[in-house]
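**Q** Need a 3D model of the sequence below.
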Amino acid sequence: MSREIHRDQIGVIRHDEGGHALELEWLEGTAKASDANIKEWLLKFVAEVEKAKAKNILVDLNHFRFEWTAEFDGWWKQNIFSRYVRAGVERFAFVWPAGRTPASTSGPDEGYAMRNFDSLEAARAWFNAGS
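**A** Predicted coordinates for the structure are as follows:
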């Protein structure tokens, strides 16, 4: 069972204590969000990951509409990625809309295992298999 930590028009953060996971569900409000709005959200989320010492992270992209650029990705790598590694994250799951799931890979510079899924259930099962 998960507990909702924060919600607004951009997203929802939930803590699933049983699965040692923090979940970020992006909402339709991401379509109108600015870079600053998304950065604020990512900083809020990584702070919750650090606070909860979550081993697993699930990001639900089913309603994500923000345009993630190469420049934005550079900011994420510089300001967010290393904090996940330092927080002790072990598994990072992305849940994509049906038919849009990219191949599951975990790059050599990742500090944790990363996989892409087409359902929340599959991502949570992956977390539970690693427990």
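
**Q** The residue nearest to residue 17 when sequence neighbours are not counted pairs with what?
**A** Nearest residue to residue 17, sequence neighbours excluded (Cβ to Cβ, 6 or more residues apart in numbering): residue 3, at 7.2 Å. (Each C-beta comes from the backbone N, C-alpha and C, glycine too.) Beta bridges link residue 3 to residue 15, judged by DSSP bridges.

**Q** in the protein, what spans have low per-residue confidence?
**A** Counting by pLDDT under 70, the ranges of the chain that qualify are 103-110, 131.

**Q** Tell me how far the nearest residue to residue 118 once chain neighbours are set aside lies from residue 129.
**A** Sequence neighbours aside, residue 101 is the residue nearest to residue 118 in space, at 4.5 Å (criterion: Cβ to Cβ, 6+ apart). Distance, residue 101 to residue 129, by Cβ to Cβ, to the nearest Å: 18 Å.

**Q** ok, those two, which is more surrounded?
**A** More crowded of residue 101 and residue 129, by other Cβ atoms under 10 Å: residue 101, with 17 against 8.
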